[in-house]
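In: what follows is a predicted structure for the sequence shown.
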Amino acid sequence: MIRPLEAADWNAAIEIVNDCWRSLYAGFINPALLSGEGCRERAIQLEREFREQRLEEYVWEETGRVLGLLSAGDTADPDRPGAFEIWRLYLAPEARGKGAGRLLLAHAQRLARRRGCREMLIWAFRENTGALRFYEKHGCRRDRTEYLGPPYLACGVRFLKDI
């Protein structure tokens, strides 16, 4: 079930994000971002963002457990004014391969339509081949690849999807 993120979900959502960073991004992004300190800093930043409600935040819940997070809203990419951006789409390991990612992506597309957006975008790290395959499988097209520099020290791929 997809529902809005609540304050009681914050810790579970933060743990999912940090677990994904440690398990999926190791070996190709700045190791400092995967360290204990990096995860603590990300947790503080995520809690701040949740509190400020800058983005629309949703969770995937199954059997009473939060197993996924979707964060979406206006893009920060200046060359795509008016686009809707998925800022985060993360799943706990036990939720992967069960259709939750597809459902969260479809939910983001509905949110974008409600806002009157004509396109949606999402960035993924170039070496995160599972994410690249997922977005391509679901109708997203690669738009550009660029080196993201500090703090990531990795290349990102931007995907676009017409709404």
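Out: On my side now, so go ahead.

In: tell me what E146 is bridged to.
Out: G156 (DSSP bridges).

In: and the contacts of the helix or strand containing L111?
Out: In this structure, L111 sits in helix 100-114 according to DSSP states H and E. The contact list for helix 100-114 (C-beta atoms under 8 Å, 6 or more residues apart in numbering) reads 2, 56, 58, 60, 62, 67-68, 70, 72, 84, 86, 89, 91, 95, 119-120, 134, 138, 161, 163. No exception for glycine: its C-beta is placed from N, CA and C like everyone else's.

In: just stretch 37-54 next, same as before
Out: Contacts of stretch 37-54 (C-beta under 8 Å, 6+ apart): 5, 7, 10, 13-14, 17-18, 21-22, 32-33, 55, 57, 71, 73.

In: again, but for stretch 81-88
Out: By C-beta under 8 Å, 6+ apart, stretch 81-88 touches 17, 55, 69-77, 105, 108, 111-112, 115, 117-122, 160, 163.

In: re the thing from before, give the buried residues for the helix holding L111.
Out: A100, G101, L104, L105, H107, A108, Q109, L111, A112 (16 or more other C-beta atoms under 10 Å).

In: next one: stretch 71-88
Out: For stretch 71-88, by 16+ other C-beta under 10 Å, it's S71, A72, G73, D74, T75, R80, A83, F84, E85, I86, W87, R88.

In: what's in contact with the host helix or strand of the first one?
Out: Of the helices and strands defined by DSSP H and E, S71 is found in strand 65-74. With contacts defined as C-beta under 8 Å, 6+ apart, strand 65-74 is touched by 2, 5, 9, 12-13, 16-17, 49, 54-61, 83-92, 94-95, 100-101, 104, 107-108, 111-112.

In: the residues you listed in helices, which ones?
Out: A12, A13, I16, V17, E49, A100, G101, L104, H107, A108, L111, A112 (DSSP state H).
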